[in-house]
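In: okay, structure incoming, though there's no sequence with it:
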């Protein structure tokens, strides 16, 4: 396949995949294996390996990162992503990944969050082949291809890279884990349209105990996420929804009455697994903030 034609096909795949992910926050191995675009099936994942090298493409299409896997994939201290060479020679499965660097073709990074379940990060780029350490350096957006030295980012480059990593890797992974745990429904009103759902932090990201883990997350529709962030809505440590008294006393239209006021006293929908339920200590901290603002 010609390089330009391949670049167009990859972009079509990425756009269609983003639409698919909007429904659940994640994709399954089956969806990736039988990915259909314009009547044609494309295999976006390899059946047995963590790298997908289609025969009819110049370069690697996707790479899989498993935090619990045997390879030393990791985020580097300056916020690029290190993807370890596959086993064996310097060539082998790595040859087409090296071709992605040469031809400047975007890849799909698949971040595994459970068996057969992935958060996809499209349009990542190989920016360096670090042969002494047997790894490739992956930039999580196109702008990071322009840095002067991927192994030694300048301070401003590093700050930008850290922000990109948070936006393109951490936040989608957190959302995928949370929406999956909550069965793609709002914990307050039970709305089941994933495109209208956010993964809200109980303790804010960056605060002590504000880890991007499911027990620090809530699946909330956009209106209840905003209400929670502004302390119009609170959640007790024993999973009861409370609404700010001033808002309860306010008289307005049906949105306020049915969308907010009627949630007062409602039991929170929580994940079935205990380890994924909201942490009581975290809820207590946030509920204290809600009470102080009321």
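Out: Received the coordinates, thanks. Fair warning: this is a prediction, and the values are worked out from it, not measured in the lab. Residues are numbered from 1 along each chain as shown.

In: helices or strands up against the helix or strand where residue 126 lies?
Out: Per DSSP states H and E, residue 126 falls inside strand 117-130. In terms of contacts (3 or more Cβ pairs under 8 Å, 6 or more residues apart in numbering; DSSP states H and E), strand 117-130 is packed against helix 3-21, strand 27-28, helix 29-33, helix 94-103, strand 107-114, strand 135-139, helix 171-181. Backbone N, C-alpha and C define where each C-beta goes, glycine included.

In: for this protein, which segments count as helices?
Out: 3-21, 29-33, 94-103, 155-165, 171-181, 222-229, 245-249, 254, 280-293 (DSSP state H).

In: point out the most buried one among those.
Out: Ranked by average neighbour count under the criterion mean count of other Cβ atoms under 10 Å, these are headed by helix 171-181 at a mean of 22.

In: just give me how far that helix sits from the chain centre.
Out: Helix 171-181 has its average C-alpha position 6 Å from the chain's average C-alpha position, going by Cα atoms, centre = their mean, to the nearest Å.

In: now the angle between helix 3-21 and it, please.
Out: Angle between the axes of helix 171-181 and helix 3-21 is 40 degrees (criterion: axes from the mean of the first three to the mean of the last three Cα atoms, to 10 degrees).

In: what is the mean pLDDT for helix 171-181?
Out: Here helix 171-181 scores 94 as its mean pLDDT.

In: try stretch 278-286
Out: What stretch 278-286 shows for mean pLDDT is 96.

In: same deal with stretch 243-261?
Out: For stretch 243-261, mean pLDDT rounds to 91.

In: other residues contacting that stretch?
Out: 189, 223, 227, 231, 232, 233, 234, 263, 264, 290, 293, 294 (Cβ atoms under 8 Å, 6 or more residues apart in numbering).

In: please apply the same query to stretch 50-68.
Out: Contact with stretch 50-68 is made by 1, 3, 6, 10, 32, 42-46, 69, 71, 73, 81, 83, 86, 93, 96-97, 99-100, 102-103, 105, 107-112, 118, 138, as judged by Cβ under 8 Å, 6+ apart.
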